[in-house]
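> Got a predicted model here, sequence first, then my questions.
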Amino acid sequence: MRGVLLVAGKEIREGMRNRWVLAATLLLAALALTLTFLGAAPAGRVGASALDVVVVSLSSLSVFLLPLIALLISHDAIVGEMERGTMLLLLSYPLARWQVVLGKFLGHLAILAVATILGYGAAALALALTGPAIAPASWQAFALMIGSSVLLGAAFVALGYLVSALVRDRGTAAGIAVGLWLLMVLIWDMALLGLLVADQGESVTAGMLDLLLLLNPTDAYRLFNLAGLADVRMLSGMAALAGNSALSAPVLLAALVGWALVPLLAAAAVFARREL
């Protein structure tokens, strides 16, 4: 385990030198603060908690932004080291290949988690200092949104590692990462919507729809935050979907964990057999 932590520390230090931590934190904080003060303004008129409005806004933002940041910091984690020749140096130490993969994953996940907690936490702190008292249930929804956001980032960091372990150059990894982001964040839901419209409820059952939603980590994240939490459900307009779906909050969280673990294990297995 010491070797894993040493590799993770190396990735964190490199992320700090490359300003990844600072850039991601400032970006998330700026967007979160903008959404907080613009989106929470009408909360009193609709009878909703201002923090619940922020949870809806930040959940929608996270679906687009966190996967992109995660793929940007992870797509060349393995192939980039191999192109620069530093992977051979790293493996000259008494480290197994799976320890390298796990350590780099933990380091990149720590960077993303710190940026998410600080960026989104700044928005919640500003709202708490300038607005009315916030109910404990709203704080719970916000905390769950933060935690699930880190899991969403972990899923796409793991997918980036799998891409990096499979390809032979960084350019290809970058292209596949962008394509993966477009597929998971934009194309999948549009294709699913088109399928539902064309099917008209004849073949696609509720169970099949649930399965299709679980096949995309962004949909599992969106359902957990916008439909899985009672106070946010009505505000986000997804009460009808939550009522027809059999996907509970624990199932959606388990899906996010699975999306982080399976690609990571696959990346470790591919890298273990790869020639340097």
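Yep, it's here.

> So which residue of the chain lies furthest out from the middle?
Centroid-distance maximum for the chain: residue 202 at 33.3 Å, with C-alpha atoms, centre = their mean.

> what's the longest helix in this protein?
helix 97-130 (DSSP state H).

> helices and strands around that one, which ones?
helix 2-17, helix 20-39, helix 50-74, helix 86-91, helix 136-166, helix 249-273 (3 or more C-beta pairs under 8 Å, 6 or more residues apart in numbering; DSSP states H and E). Every C-beta, even on glycine, is put in place using the N, C-alpha and C of the backbone.

> again, only using 7 Å
Here helix 97-130 touches helix 2-17, helix 20-39, helix 50-74, helix 136-166, helix 249-273, going by 3 or more C-beta pairs under 7 Å, 6 or more residues apart in numbering; DSSP states H and E.

> Next up, the contacts around residue 33.
122, 123, 126 (C-beta atoms under 7 Å, 6 or more residues apart in numbering).

> which residues are contacting the helix or strand where residue 171 lies?
Using DSSP states H and E, the element containing residue 171 is helix 170-181. With contacts defined as C-beta under 7 Å, 6+ apart, helix 170-181 is touched by 67-68, 71, 75-76, 79-80, 83, 159-160, 163-164, 167.

> and these as CSV, adding neighbour count and distance to residue 258?
Output for the contacts of helix 170-181, formatted as CSV (neighbours: other C-beta atoms under 10 Å; distance: C-beta to C-beta, whole Å):
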residue, neighbour count, distance to residue 258
67, 25, 16
68, 14, 21
71, 23, 18
75, 29, 21
76, 22, 25
79, 24, 25
80, 17, 27
83, 15, 31
159, 28, 12
160, 29, 17
163, 26, 18
164, 27, 20
167, 19, 24
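
> Which one of these is nearest to residue 22?
Nearest to residue 22 among the contacts of helix 170-181, counting by C-beta to C-beta, is residue 68 at 17.2 Å.

> nearest residue to the closest one other than its sequence neighbours?
In this structure, residue 68 finds its nearest non-sequential neighbour in residue 181, 5.5 Å apart by C-beta to C-beta, 6 or more residues apart in numbering.

> Quick one: neighbours of the one you found, just the number.
22 (other C-beta atoms under 10 Å).

> where's it relative to residue 206, distance?
28 Å (C-beta to C-beta, to the nearest Å).

> and if you look at residue 28?
35 Å.

> Same question for residue 167.
The separation that residue 167 has from residue 206, given C-beta to C-beta, amounts to 38 Å.

> for residue 110, same thing?
38 Å.

> Looking at these two, which one has more neighbours?
Set residue 110 next to residue 206 and count neighbours by other C-beta under 10 Å: residue 110 wins out with 17 against 11.

> list the contacts for that one?
The neighbourhood of residue 110, defined by C-beta under 7 Å, 6+ apart, consists of 8, 12.

> Quick check: it vs residue 20, distance?
In this view, residue 110 and residue 20 are 11 Å apart by C-beta to C-beta.

> Same check on residue 77?
Following C-beta to C-beta, the distance that separates residue 77 from residue 20 is 12 Å.

> now residue 150
Residue 150 is 16 Å from residue 20, where distance means C-beta to C-beta.

> Could you do residue 52 as well?
Distance from residue 52 to residue 20, counting by C-beta to C-beta: 31 Å.

> Looking at these two, which is more packed in?
Legend: neighbour count by other C-beta under 10 Å for residue 52 and residue 20, higher for residue 52 (24 against 20).
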